[in-house]
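K.L.:
pasted the sequence and its predicted model underneath.
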Amino acid sequence: MTRVPDINQDELRREAAEIEAEHRQAMPRFRDALSRLFSGESKASEDDRARAVIGMDRRSLFKVGGVVLLGGAVMAACGSDNSSSSTGTTAGAATAAATTAPTAAPAAAAMGDVTILRTASSIEELAVAAYQTAITSGLVKTQAIADAAQLFQSQHREHSAQFQSATKAAGGEPFVQPNPVVLAAIKPMVDALADERGVVALAFELETAAAQSYQAYVGTFADAKLNKAIMAVGGVEARHAAVLAQVLNSLGDTTVKPVPAAFQVTDKAIKSGTGV
Amino acid sequence: MEISERELARLVRDVDDSHRQGMTTMAADIAELHQGEGARLRRGPQRTLVRAAGLGGAAVAIGSVLLPMGRLIGVANAQSGDAGVAAFAESVELAAVAAYTAAAQSGKVTTKAVLDAATTFAGHHKEHGAAFGGAAGSAATGKANQKLLDAVGPQLQAAADENAVLEIAYSLENAAAATYLFALGALTSKAALQLTASILPVESQHAIVLGTVLGKPATDKTYLPPFQTEDGAVTPDKFPIS
């Protein structure tokens, strides 16, 4: 995949060196902040407070490139081993139930709900697989980030199980694999994945897409109860995205924000029915 | 501090730009609310907050104030229907604005970046209040929820330092997120549902920022819960608008 085509090679190398230097400089502070988050230490310095709120360094010309690099992890995980998507206890149980239970054709009004719920579980399975890749790729060097990946992955497993259960309740067959269309779309990014920052950026993009997707589905359900159910998950994905944005900020990428705006938008939402 | 004043100003401008961009979409949504489904909102929906009465037994927590939640039927007439829910949400948002303003003026918040964040978050809540007020139409009061202020005000006054103030703000943001999950079970119009769904994640992200500043551990279920719940939701029965 060609990245940043308008910048000459010398400039690319110089920028890469600067980014790398900035990265190395940021890493100790980054580890400290994340370690506190996942060790339960409660004391935050004034600098920590500033970073938590707005990020610490300035530009990251390679932000887009960084995301591209990050993407690599997901592809390896999703493309090579779908079994990772069903390794969780709850998700696994839900999957087993879904494959053995007879499913009647849902009523027309519920078909839309089933499609949305299948899309939602496919997004969750994609996230589970992406985090699995992050964990096993060897690219994540910071223990606190690995801990975060495991926590978020476990929560995505729970989300997937919830959506699969709801799919069955609506008379449909649960979708139990990572979304194939989104997976294909991010393959070029995945192939170029190279470092920890890339993993975090990819995770941020996936969490953001999930949060926006669930928001977009609200108000379109035939069963009104599902509006709450989907946002009980959507709110959590937004929290994940905010944490990951803080991590990226601490790595010098201030082009992402823990709270992007007063209202969440849906420009990155995955359309219901995509890939399922 | 590693961030210059100029850089802080730029970042705040970035947030404001994003904010205004979001408002363009919201303006269209609110227009839809009144020009499309607004008539139904003003009539009042078939389903009301009464539907949520089955959730009674949960607890409402604002800061250290813990209150039982339930018996919503008694206030259903006054604050039912999408317009009523939106008016209630408006009052909650305006109370949040007042709380942040009081916190900023208390002199207890001493970290500049945190003070700036509080100002930004207050601005978000102001916009949320305006959006809900628009959704409420003639039911809007334009006033902060007095009961909520009565609960939060003394806590802010008693707060010893910045951390104590931030804990109150953190609790308020989590309460707002829980409240909007609760509201999603009561609203019926697509526009009102989508408006609420666009705000719930933002309150959640406010909570994350404040929780990180406070050093909340990842194991804290108020910080990174597996599912958003209604625990701590502010409800019209305990915090009725006047």
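P.N.:
Structure received.
K.L.:
when you work out contacts or count neighbours from here on, use the C-alpha atoms and nothing else.
P.N.:
OK.
K.L.:
quick one: low-confidence parts of the stretch 1-150 of chain A?
P.N.:
A:1-109 (pLDDT under 70).
K.L.:
what ranges does chain A have for its helices?
P.N.:
Using DSSP state H, the helices of chain A run over A:9-39, A:46-54, A:63-70, A:72-80, A:89-100, A:108-136, A:143-169, A:180-191, A:196-217, A:225-250.
K.L.:
can you tell me how far A:A185 is from B:F88?
P.N.:
According to Cα to Cα, to the nearest Å, A:A185 and B:F88 sit 42 Å apart.
K.L.:
from B:V114, how far out is A:Q155?
P.N.:
Distance from A:Q155 to B:V114, counting by Cα to Cα: 29 Å.
K.L.:
try A:V182
P.N.:
In this view, A:V182 and B:V114 are 37 Å apart by Cα to Cα.
K.L.:
repeat for B:F182
P.N.:
B:F182 sits 29 Å away from B:V114, going by Cα to Cα.
K.L.:
ok, residue 124 - how many residues close by?
P.N.:
Since no chain was named, I'll use chain A. 29 (other Cα atoms under 10 Å in any protein chain shown).
K.L.:
nope, chain B please
P.N.:
25.
K.L.:
mind checking pLDDT for it?
P.N.:
At B:H124, the predicted lDDT confidence score is 98.
K.L.:
would you confirm that it contacts A:A262?
P.N.:
Yes - counting by Cα atoms under 8 Å, B:H124 does reach A:A262; the two are 4.7 Å apart.
K.L.:
nearest residue to B:L184 in space, please, no chain neighbours.
P.N.:
Of all residues not flanking B:L184 in the chain, A:K228 sits nearest, at 5.5 Å (Cα to Cα, 6 or more residues apart in numbering or on different chains).
K.L.:
mind listing what the one you found touches?
P.N.:
By Cα atoms under 8 Å, 6 or more residues apart in numbering or on different chains, A:K228 lies in contact with B:L181, B:F182, B:L184, B:G185.
K.L.:
neighbour count added to those residues, as JSON lines?
P.N.:
Listed next are the contacts of A:K228 as JSON lines, based on neighbours: other Cα atoms under 10 Å in any protein chain shown:
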{"residue": "B:L181", "neighbour count": "26"}
{"residue": "B:F182", "neighbour count": "22"}
{"residue": "B:L184", "neighbour count": "27"}
{"residue": "B:G185", "neighbour count": "20"}
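K.L.:
looking at those, which are in strands?
P.N.:
Judged by DSSP state E, strands contain none of the contacts of A:K228.
K.L.:
in the stretch 51-200 of chain A, what residue lies closest to chain B?
P.N.:
A:Q155 (5.3 Å; Cα to the nearest Cα).
K.L.:
tally of neighbours for that residue?
P.N.:
By other Cα under 10 Å, 23 other residues sit near A:Q155.
K.L.:
what do you get for B:D116?
P.N.:
Neighbour tally, B:D116, other Cα under 10 Å: 18.
K.L.:
got the phi and psi for it?
P.N.:
Backbone dihedrals for B:D116, given as degrees, to the nearest 10, come out at phi -60, psi -40.
K.L.:
per-residue pLDDT, it?
P.N.:
93.
K.L.:
for it, which residues are in contact?
P.N.:
If a contact means Cα under 8 Å, 6+ apart, then B:D116 has no contacts.
K.L.:
where's it relative to B:V109, distance?
P.N.:
Between B:D116 and B:V109 the computed distance is 10 Å (Cα to Cα).
K.L.:
A:A110 too?
P.N.:
51 Å.
K.L.:
ok, now how distant is A:A224 from A:Y214?
P.N.:
A:A224 is 14 Å from A:Y214, by Cα to Cα.
K.L.:
compare those two (neighbour count), which wins?
P.N.:
Between A:A224 and A:Y214, A:Y214 has the larger neighbour count (other Cα under 10 Å), namely 29 against 17.
K.L.:
give the burial count for the residue nearest to the more buried one when sequence neighbours are not counted, as a bare number.
P.N.:
Ranked by Cα to Cα, 6+ apart and with sequence neighbours excluded, the top spatial neighbour of A:Y214 is A:G234, at 5.4 Å. Close neighbours of A:G234, defined as other Cα under 10 Å, add up to 29.
K.L.:
now do the contacts for A:G234.
P.N.:
By Cα under 8 Å, 6+ apart, A:G234 lies in contact with A:A210, A:A211, A:Q212, A:Y214, A:Q215, B:P201.
K.L.:
what does A:V140 give?
P.N.:
For A:V140, counting by Cα under 8 Å, 6+ apart, the contacting residues are A:A134, A:A146, A:D195, A:E196, A:V199.
K.L.:
and the furthest pair within those?
P.N.:
Farthest-apart pair in the contacts of A:V140 is A:A146 and A:D195; separation 13.1 Å (Cα to Cα).
K.L.:
burial count for B:E230?
P.N.:
Residues near B:E230, counting by other Cα under 10 Å, number 23.
K.L.:
got it, and A:A185?
P.N.:
Neighbour number of A:A185 under other Cα under 10 Å is 11.
K.L.:
confidence score at it?
P.N.:
pLDDT, A:A185: 91.
K.L.:
ok, it to A:Q212 distance?
P.N.:
Noted for A:A185: a distance of 18 Å to A:Q212, by Cα to Cα.
K.L.:
strands along chain B, start to end?
P.N.:
Using DSSP E, strands in chain B cover B:59-62, B:65-68.
K.L.:
thinking again about what came up before, okay, the residue nearest to A:Y214: pLDDT?
P.N.:
98.
K.L.:
ok, now the one 5 residues further on?
P.N.:
With respect to pLDDT, A:R239 has a value of 98.
K.L.:
run a quick neighbour tally on residue 164.
P.N.:
You didn't say which chain, so I picked chain A. Neighbours of A:Q164 (other Cα under 10 Å): 28.
K.L.:
hmm, I had chain B in mind actually
P.N.:
Using other Cα under 10 Å, B:A164 is surrounded by 18 other residues.
K.L.:
same deal with A:D267?
P.N.:
11.
K.L.:
wait, what's in contact with it?
P.N.:
A:D267 neighbours (Cα under 8 Å, 6+ apart): A:Q212.
K.L.:
any idea how far it lies from chain B?
P.N.:
With distances taken as Cα to the nearest Cα, to the nearest Å, A:D267 is found 11 Å from chain B.
K.L.:
per-residue pLDDT, that residue?
P.N.:
Per-residue pLDDT puts A:D267 at 96.
K.L.:
and it, its phi and psi?
P.N.:
The phi and psi values for A:D267, taken as degrees, to the nearest 10, are phi -70, psi -20.
K.L.:
repeat that for B:L224.
P.N.:
According to degrees, to the nearest 10, B:L224 has phi -130, psi 70.
K.L.:
ditto for the one 5 residues further on
P.N.:
Listed backbone geometry of B:T229 is phi -120, psi 180, with angles given as degrees, to the nearest 10.
K.L.:
quick check: chain neighbours aside, which residue is closest to it?
P.N.:
Closest residue in space to B:T229, ignoring its immediate chain neighbours: B:A178 at 5.9 Å, by Cα to Cα, 6+ apart.
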